[in-house]
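**Q** Give me a 3D structure for the following:
(one chain, ligands or ions: 4)
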Amino acid sequence: MFCRCPKLKKNGAPFILLLVFGSLLVLLMVPFVVFVGASSGWSETYGGINADGGLALIQKSDGGYLLAGYTRSFGAGKEDFWLVKIDLSGNAQWNCTYGGAESDIAFSVIETSDNGYAVAGYTGSFGAGGDDFWLIKTDSSGNMQWNKTIGGAGDDYAFSLVETSDGGYTVAGYTRSYGAGKDDFWLVNTDSSGRVEWNQTYGGWDDDGAISLVLCSDGGYALVGMTESFGYGSDRDDFWLVKTDSFGNMEWNHTYGGTIREYGFCLIQTSDGGYAIAGYTYSISAVNSDLWLVKMDKQGVIPEFTLWMILPFFLIITLSALAAKKRIFYHIHACV
Ligand SMILES: [Ca+2]
Ligand SMILES: [Ca+2]
Ligand SMILES: [Ca+2]
Ligand SMILES: [Ca+2]
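**A** Ligands and ions are numbered 1, 2, ... in the order given. Okay, the predicted model is just below:
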């Protein structure tokens, strides 16, 4: 089955036991229910007997939530894309699976301007060979309106997507089918029906993988991930930030990292027009890896500790030294 929207069932227990213990619990927990009802917190699990996971979460304009990820419990085989719509109290309102016999995993979801959803990830069930980008468009109830595979003979993985101002979509990830060698950043733009309008690869001879994509305030794009082609090179992965214009032409790029491994996973454009990247670092950590947050300016530059910053301290120290020397001179002169 290609697309299913089954009803989620709670894991079963004998009805009588549930009735007895349920009644006792209700009596015992009345004070707690009143307390919990007054707060806005809750926790819920969603899934079946096999492995199921959430990889993306958005809050909807109506205040509910949409989870995207994968399910091995439901669907057509191995992992399938899984969307779960949740109300404000954590109740699953509907869920849909999308996929075929092989592994299909959703990494990113957005609510679209028509109140539907666009989902990006990869599919091993369909496409041109290996894994391919898989872009799915649904209505507001999760019913699939169209889907597109994008890729070549190698493995191609989509991790992030945005809706463009003309109602199209731009998807980022990495490709082994095209580019300069091994994995390359891959940025693909489509029209509102998922037809590819342009695509660009960025990378060198070694592995380069984009994870996060931002539609920038100037209409261009910023992508972040890791590179082994640039920076410290092979087996010493660095954060790699690539800035492009609105057609994916690279404007500038920067690597950030040290002599060991750094992976950049999350990217935002900050309110001052700069960028911030979160990921992890082995080079600049106490033990093992540390979370690493890097803030840079509009050109991707981390401001250095420049001379003008230390100039006031230098002047204060010099003047203090001169004043001290003068006091000593007067002291010696007075003693003679
Ligand atoms: Ca599948
Ligand atoms: Ca492929
Ligand atoms: Ca490469
Ligand atoms: Ca590194």
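**Q** CA atoms for contacts and neighbours, from now on please.
**A** Fine.
**Q** so where is this structure shaky, pLDDT-wise?
**A** Flagging of the chain using pLDDT under 70 yields the residue ranges 1, 9-39, 305-314, 317-318, 325-336.
**Q** what sits against the residue nearest to residue 124 when sequence neighbours are not counted?
**A** Nearest non-adjacent residue to residue 124, counting by C-alpha to C-alpha, 6 or more residues apart in numbering: residue 131, 4.5 Å away. Neighbouring residues of residue 131 by C-alpha atoms under 8 Å, 6 or more residues apart in numbering: 122-125, 151, 154-157.
**Q** Residue 323: what secondary structure?
**A** Recorded secondary structure, residue 323: helix (DSSP: H, G, I helix; E, B strand; the rest coil).
**Q** What of residue 285?
**A** coil.
**Q** what number of residues lie near it?
**A** Counted by other C-alpha atoms under 10 Å, the residues lying close to residue 285 total 12.
**Q** And for residue 113?
**A** As a burial measure, residue 113 scores 11 neighbours (other C-alpha under 10 Å).
**Q** What of the one 10 residues further on?
**A** As a burial measure, the neighbour count of residue 123 was computed by other C-alpha under 10 Å and equals 32.
**Q** I figured it was touching residue 98, is that so?
**A** No - at 9.8 Å, residue 123 does not count as touching residue 98 under the criterion of C-alpha atoms under 8 Å.
**Q** quick one on the thing from earlier: backbone torsions only: list them for the residue nearest to residue 124.
**A** Here is the backbone geometry of residue 131 (degrees, to the nearest 10): phi -90, psi 150.
**Q** could I have stretch 316-324 exported to CSV, CA atoms only?
**A** Provided in CSV are the C-alpha atoms of stretch 316-324 (Å, rounded to 0.1, in the frame of the first residue of the first chain):
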residue,chain,number,x,y,z
ILE,A,316,44.8,52.4,30.5
ILE,A,317,47.9,50.2,31.3
THR,A,318,50.3,52.7,29.7
LEU,A,319,48.8,55.7,31.5
SER,A,320,48.8,53.8,34.8
ALA,A,321,52.5,52.9,34.3
LEU,A,322,53.4,56.4,33.5
ALA,A,323,51.6,57.8,36.5
ALA,A,324,53.2,55.2,38.8
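**Q** starting at the chain centroid, how far to that stretch?
**A** The chain centre lies 52 Å from the centre of stretch 316-324; the measure is C-alpha atoms, centre = their mean, to the nearest Å.
**Q** Next, show the common contact partners of residue 123 and residue 98.
**A** Shared contacts of residue 123 and residue 98 (C-alpha under 8 Å, 6+ apart): residue 104.
**Q** neighbours of residue 208, just the number please.
**A** Per other C-alpha under 10 Å, the neighbour tally for residue 208 reads 31.
**Q** go on, residue 304?
**A** Burial of residue 304 is recorded as 7 neighbouring residues (other C-alpha under 10 Å).
**Q** element containing it?
**A** Assigned by DSSP states H and E, residue 304 belongs to neither a helix nor a strand.
**Q** Flag every residue of this structure that's near ligand 3.
**A** Residues of the chain found near ligand 3, taking C-alpha under 5 Å from the ion as the criterion, are 181-184, 203-208.
**Q** of those, buried ones?
**A** 181-184, 203-204, 206-208 (16 or more other C-alpha atoms under 10 Å).
**Q** Between the contacts of residue 131, which sits nearest ligand 4?
**A** Proximity of these to ligand 4 (C-alpha to the ion) peaks at residue 157, which lies at 22.6 Å.
**Q** Hmm, the closest one is touching residue 173, no?
**A** Yes - Residue 157 sits in contact with residue 173 when judged by C-alpha under 8 Å, with a separation of 5.4 Å.
**Q** before we move on, the earlier item: take the residues of the chain next to ligand 3 and lay them out in a markdown table including secondary structure.
**A** Below are the residues of the chain next to ligand 3 laid out as a markdown table (three-state DSSP):
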| residue | secondary structure |
| --- | --- |
| 181 | coil |
| 182 | coil |
| 183 | coil |
| 184 | strand |
| 203 | coil |
| 204 | coil |
| 205 | coil |
| 206 | coil |
| 207 | coil |
| 208 | strand |
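**Q** Show me the beta-bridge partners of residue 160.
**A** Taking DSSP bridges, one obtains residue 172 as the residues bridged to residue 160.
**Q** what's the distance between it and residue 266?
**A** The spacing between residue 160 and residue 266, counted by C-alpha to C-alpha, to the nearest Å, is 10 Å.
**Q** Comparing these two, which residue is more hemmed in?
**A** Shown here are residue 160 and residue 266; by other C-alpha under 10 Å, residue 160 has more neighbours (25 against 17).
**Q** what residues are up against the more buried one?
**A** The neighbours of residue 160, taking C-alpha under 8 Å, 6+ apart as the test, are 107-109, 120-121, 171-173, 211-213.
**Q** The helix or strand where residue 186 lies: how far from the chain's middle?
**A** Assigned by DSSP H and E, residue 186 belongs to strand 184-190. The chain centre lies 16 Å from the centre of strand 184-190; the measure is C-alpha atoms, centre = their mean.
**Q** Likewise for stretch 207-224?
**A** Relative to its chain's centre, stretch 207-224 lies at 11 Å (C-alpha atoms, centre = their mean).
**Q** May I have that stretch exported as CSV, CA atoms only?
**A** Extracted in CSV, the C-alpha atoms of stretch 207-224 (Å, rounded to 0.1, in the frame of the first residue of the first chain):
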residue,chain,number,x,y,z
ASP,A,207,32.1,13.9,1.6
ASP,A,208,30.0,17.1,1.9
GLY,A,209,26.5,16.8,3.3
ALA,A,210,23.8,19.5,3.9
ILE,A,211,21.4,19.0,6.8
SER,A,212,19.6,22.3,7.4
LEU,A,213,18.2,24.9,5.0
VAL,A,214,17.1,28.5,5.6
LEU,A,215,15.2,30.8,3.2
CYS,A,216,17.1,34.1,3.9
SER,A,217,15.6,37.6,4.2
ASP,A,218,17.2,38.6,0.9
GLY,A,219,15.4,35.7,-1.0
GLY,A,220,18.6,33.6,-1.2
TYR,A,221,19.4,30.4,0.7
ALA,A,222,21.8,29.3,3.5
LEU,A,223,22.7,25.7,3.9
VAL,A,224,24.7,24.1,6.7
